[in-house]
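# output the structure for:
(one chain, ligands or ions: 1)
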Amino acid sequence: MIRQKKIAPFLVFTILLALMTPVSADIVYLDTAKMSEQSITKELLKYNITQKDIDYYAGYGISPEVILDVESKVAINKKMSQVIKDAPYRPLILADSDEKEAFIRHIENFSVSETEKKDMINSLFDIWSRAPNKITENDYPALEKIGKEMNTYFMKIYESDIESSKDDTTITPKWGGTWGGKAHGFFAYYAVMLSVNNQLWGDIAWTYALNPDITDTGYYDRYYGHYYHPFPPINGAAPGKCLLNINNAVNEYDTNKNQAYVDFALASHYLADVGNPMHTDGVIDQYQNQAAHYAYEQHVNVSWSSGHRYNDVVSSNTQYIVVTDPGVATQNLAKFSNPYYDTLWNEVTKGMHQDTLYQNANIEYMTRVLVKETSKYVNGLAFYLKNS
Ligand SMILES: [Zn+2]
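As a prediction, this is how the structure comes out:
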């Protein structure tokens, strides 16, 4: 149940004014509601989404409008200037009209003074009116302040959601939770079964795939090691960690297959981590406060074996990406997932509550796409080991 708080009259006025003011800037997202089915289908071909894909997602109740909304935002956000890409809490700049309205309502509930709320709201409207071409580094302090407060507010909601969810008390969310804990074991297990069809090694992979989230501690290992930002400024150690562990597995493969699949499982963890956009961007913002990250991983976790059943995406996937260099493969998966970061962060931050995340078709679509691609890469890593 979501409580609707009364909003101040000045806010009603500001929101109305903002929604009525024509967008003068260049961030113009497609209004898919006004497009015909035919033109949506045609537009989707630009993103290599075919009728077959449309039918596939329709099976999950995901409409072509949702697919186009996500993919067109991803394409637009990819082209943003470096000054926007480097901005703290960058997704705030790239909000669509629904997200803008939600963010203003969130600010109204922040635990700050009325004057500060007003300042933040005015700053955001000012930034949105100048996006994308007239954003400068002078906007960074305001974005940073709003972003931090947004996360603090979100964290309270997240914690109360977790408190009240009785069916999932065992989850300890952390950066390394990635797909929400459960996922790592399944990515690794199904990859082993597909490549060598051996129950013992599959079970070993399943058992060890989550280990790096338990054994890696400290900033470098836990945060930086499970992260890779694939565009300038390039940083993160996940590709190196995947490579190191799979090299161990290759060296052990002829003499000790059990140990080789332990090391495969560890390698698969660092690879799979960067299939989640939250592990490919916003490292500074997220280090300070990980509300959106936690909430997203919690969503994936509770929807893994029930509800959306993301696990079925992995168990039914027999495709794999040919891996010739596991480090490069990790970089490539991060390149695939990273462009979804902005719209994913905004969709998650718009809804905040687990029930709204669950009902958000954009989030479900993105997760299906990302889980599928991650599964293809982990399968590829298992074949790389088998053929080594
Ligand atoms: Zn991790």
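# give me the pLDDT for the most far-flung residue of the chain relative to its centre.
Outermost residue of the chain with respect to the C-alpha centroid, by CA atoms, centre = their mean, is residue 255; its distance is 38.6 Å. pLDDT recorded at residue 255 is 97.
# next one: residue 57
97.
# ok, now residue 176?
So residue 176 comes in at 37 (pLDDT).
# the one 3 residues further on now?
According to the per-residue confidence, residue 179 scores 54 in pLDDT.
# same deal with the one 5 residues further on?
As summarised for this prediction, residue 184 has a pLDDT of 92.
# just to revisit the earlier point, so the residue farthest from the centre of the chain: helix, strand or coil?
coil (DSSP: H, G, I helix; E, B strand; the rest coil).
# distance check, it against the ion.
28 Å (CB to the ion, to the nearest Å). In this view, the C-beta of every residue, glycine as well, is placed from N, C-alpha and C.
# name the surrounding residues that touch stretch 35-47.
For stretch 35-47, contacts defined as CB atoms under 8 Å, 6 or more residues apart in numbering pick out 30, 32, 50-51, 53-54, 64-65, 67-68, 71-72, 75.
# my bad, should have said stretch 306-319
By CB under 8 Å, 6+ apart, stretch 306-319 touches 60, 179, 182-183, 186-187, 190, 194, 300, 303-305, 358, 364, 367-368, 371-372, 375-376, 379.
# elements contacting whichever strand or helix holds residue 158?
According to DSSP states H and E, residue 158 maps onto helix 140-164. With contacts taken as 3 or more CB pairs under 8 Å, 6 or more residues apart in numbering; DSSP states H and E, helix 140-164 sits against helix 97-108, helix 114-130, helix 283-288, helix 291-302.
# out of the ones you listed, indicate the one that is most buried.
helix 291-302 (a mean of 24; mean count of other CB atoms under 10 Å).
# give me the angle between it and helix 140-164.
30 degrees (axes from the mean of the first three to the mean of the last three CA atoms, to 10 degrees).
# how does the chain divide into domains?
Listed by automatic domain parsing, the domain ranges of the chain are 9-164, 175-386.
# where do the strands sit along the stretch 251-388 of the chain?
Taking DSSP state E, counting those that start in this stretch as the criterion, the stretch 251-388 of the chain contains no strands.
# among the domains of the chain, which is the most enclosed?
Counting by mean count of other CB under 10 Å, domain 175-386 has the highest mean neighbour count of these, with a mean of 21.
# now it, how far from the chain's geometric center?
11 Å (CA atoms, centre = their mean, to the nearest Å).
# quick one: least confident helix or strand in this protein?
helix 9-20 (a mean of 56; mean pLDDT, DSSP states H and E).
# need the next SSE after that helix, C-terminal direction.
Per DSSP H and E, the first helix or strand lying C-terminal to helix 9-20 is helix 37-45.
# what residues does the next helix or strand after that next one touch?
Per DSSP H and E, helix 37-45 leads on to helix 51-58 as the next helix or strand towards the C-terminus. Residues from elsewhere that reach helix 51-58 (CB under 8 Å, 6+ apart): 41, 44, 63, 64, 66, 67, 365, 368.
# residues touching residue 193, list them.
199, 202.
# doesn't it fall inside a helix?
Yes: under three-state DSSP, residue 193 sits within a helix.
# what distance do you get for it to residue 375?
To residue 375, residue 193 is 12 Å away according to CB to CB, to the nearest Å.
# any idea how far residue 190 is from residue 379?
7 Å.
# correction: residue 33
Between residue 33 and residue 379 the computed distance is 38 Å (CB to CB).
# quick one: mean pLDDT for stretch 117-134?
Here the average pLDDT along stretch 117-134 is 96.
# and what of stretch 195-207?
Mean predicted lDDT for stretch 195-207 stands at 97.
# ok, stretch 375-388 next?
Per-residue scores along stretch 375-388 average to 98.
# quick one: contacts of that stretch?
Residues contacting stretch 375-388 (CB under 8 Å, 6+ apart): 187-188, 190-192, 194-196, 242, 246, 249-250, 253, 260, 264, 267-268, 271-272, 275, 313-314, 317-324, 326, 329, 332-333.
# and it, how far out from the chain middle?
Averaging C-alpha positions (CA atoms, centre = their mean) puts stretch 375-388 23 Å from its chain's average.
# send me that stretch as CSV with only the CA atoms.
Output in CSV follows, covering the C-alpha atoms of stretch 375-388 (Å, rounded to 0.1, in the frame of the first residue of the first chain):
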residue,chain,number,x,y,z
SER,A,375,23.5,-16.0,-19.3
LYS,A,376,24.9,-16.0,-22.9
TYR,A,377,28.2,-14.7,-21.6
VAL,A,378,28.5,-17.1,-18.6
ASN,A,379,27.6,-20.0,-21.0
GLY,A,380,30.4,-18.8,-23.3
LEU,A,381,32.9,-18.8,-20.3
ALA,A,382,32.0,-22.4,-19.6
PHE,A,383,32.6,-23.4,-23.2
TYR,A,384,35.9,-21.5,-23.0
LEU,A,385,37.0,-23.6,-20.1
LYS,A,386,35.8,-26.9,-21.7
ASN,A,387,37.7,-26.1,-24.9
SER,A,388,40.9,-24.8,-23.3
